[in-house]
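K.L.:
Fold the stuff below for me.
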Amino acid sequence: MLELIFPDWPAPARVRACTTTRRGGVSEGPYADFNLAIHVGDGAAHVIANRATLRARLGLTVDPLWLTQVHGTRVVDAGQARPEADGSVAAPTGAAPEADGRVAIPIGAAPVADGRIVAAIGLGPVADGRSIVPTGAGPEADGSVAFGPGVACAVLTADCLPVIFCTVDGTRVGAAHAGWRGLAAGVLEATVAALARPPEEVMAWIGPGIGAEAYDVGADVREALVRADPATEAAFVPSHPGHWQADMYALARLRLAAAGVTAVYGGGLCTYRDADRFFSYRRDRATGRMATLVWIDGTPSP
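P.N.:
Next comes the predicted model:
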């Protein structure tokens, strides 16, 4: 049975959000059961079925905006980059849908003019040199925002932090994928800026990520984060020579505070230690991804 986690934050009623767990899908092996990522080695048919189950359970009228995440700071407008009404995506000229509804995209294809599609990493080419990408592959970005009903912002994680946002009036939402690289580069600040509202009007919720006791990092990671924001030094505890335990939740809160967002909720669910509920890349390497979504309830515009 599909299991969801709902944020414990005082968001307006029209703002809806959840995080999936690994329970309730059709994926097998290291991706069991509810993997939602197309780039990790799971069968495309499993991912498509799991995404359809999620969409039906949440009552979404269109697919969420699935991003191609690259540990960067690009944030896209989900309303502009959303899938078509039939769940399809724009493909380069000449690309035809396959019999199973997927879209074949030339290897190395760049996004089309409005940035709606990129080739997914990790999906092998077929005989004619094209790469098959399941419907729903999205723009290369690590955050998205939405300024009204119509499409859910979504990020995929398996140790990195999913951070969602909404404004206190419930008219704007956003989601960010925040690993250590994204935190150092400023993905949370970029998402807050993309909401285009004063930070005191924004609240955030931090979903499941790797806990500090399980996240041992080297000097390069610590230096990158402290160089970007000296205040984050407080989020590191020495473990053994040249290594530290990094508190990702504290790092995120410090970066959000620096951006002016102090209404921050969530944190504390460790993906590494809870193998029954969560995927963890550091624990298992070959593994699936959970999704964290946020959207504004209502009828999508035509």
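K.L.:
so what does the longest helix seen in the chain touch, helix or strand wise?
P.N.:
Secondary structure assigned by DSSP state H gives helix 44-58 as the longest helix of the chain. Judged by 3 or more C-beta pairs under 8 Å, 6 or more residues apart in numbering; DSSP states H and E, the packing partners of helix 44-58 are strand 15-20. Backbone N, C-alpha and C define where each C-beta goes, glycine included.
K.L.:
which residues of the stretch 1-150 of the chain fall in strands?
P.N.:
Shown for the stretch 1-150 of the chain, the strands assigned by DSSP state E, counting those that start in this stretch span residues 4-5, 15-20, 75-77, 103-106, 130-133, 143-146.
K.L.:
Next, count neighbours for Glu3.
P.N.:
By the criterion of other C-beta atoms under 10 Å, Glu3 has 13 neighbours.
K.L.:
how deep is the closest residue in space to it that isn't next to it in sequence tucked in, by neighbour count?
P.N.:
Nearest non-adjacent residue to Glu3, counting by C-beta to C-beta, 6 or more residues apart in numbering: Arg23, 4.2 Å away. Applying other C-beta under 10 Å, we find 15 residues neighbouring Arg23.
K.L.:
what do you get for the one 4 residues further on?
P.N.:
Neighbourhood size, Ser27 [other C-beta under 10 Å]: 22.
K.L.:
Next up, the contacts around it.
P.N.:
Residues counted as contacts of Ser27 (C-beta atoms under 8 Å, 6 or more residues apart in numbering) are 33-35, 42-43, 46-47, 50, 288.
K.L.:
Let's see that with 6 Å instead.
P.N.:
With contact set as C-beta atoms under 6 Å, 6 or more residues apart in numbering, Ser27 has these partners: 33, 35, 42, 46.
K.L.:
now Pro162
P.N.:
If a contact means C-beta under 6 Å, 6+ apart, then Pro162 has 155, 207, 292 as its contacts.
K.L.:
8 Å instead?
P.N.:
Under the contact definition (C-beta under 8 Å, 6+ apart), the residues listed for Pro162 are 19, 155, 175-178, 206-209, 290, 292.
K.L.:
With Gly43 instead?
P.N.:
For Gly43, the residues meeting the contact criterion (C-beta under 8 Å, 6+ apart) are Ser27.
K.L.:
and what of Ala49?
P.N.:
For Ala49, the contact set (C-beta under 8 Å, 6+ apart) comprises 25-26.
K.L.:
And the pLDDT for it?
P.N.:
Note for Ala49: predicted pLDDT of 97.
K.L.:
Check which residues of the longest helix of the chain are buried.
P.N.:
Residues of helix 44-58 classed as buried under the neighbour-count rule (16 or more other C-beta atoms under 10 Å) are 44, 46-48, 50-51, 53-55, 58.
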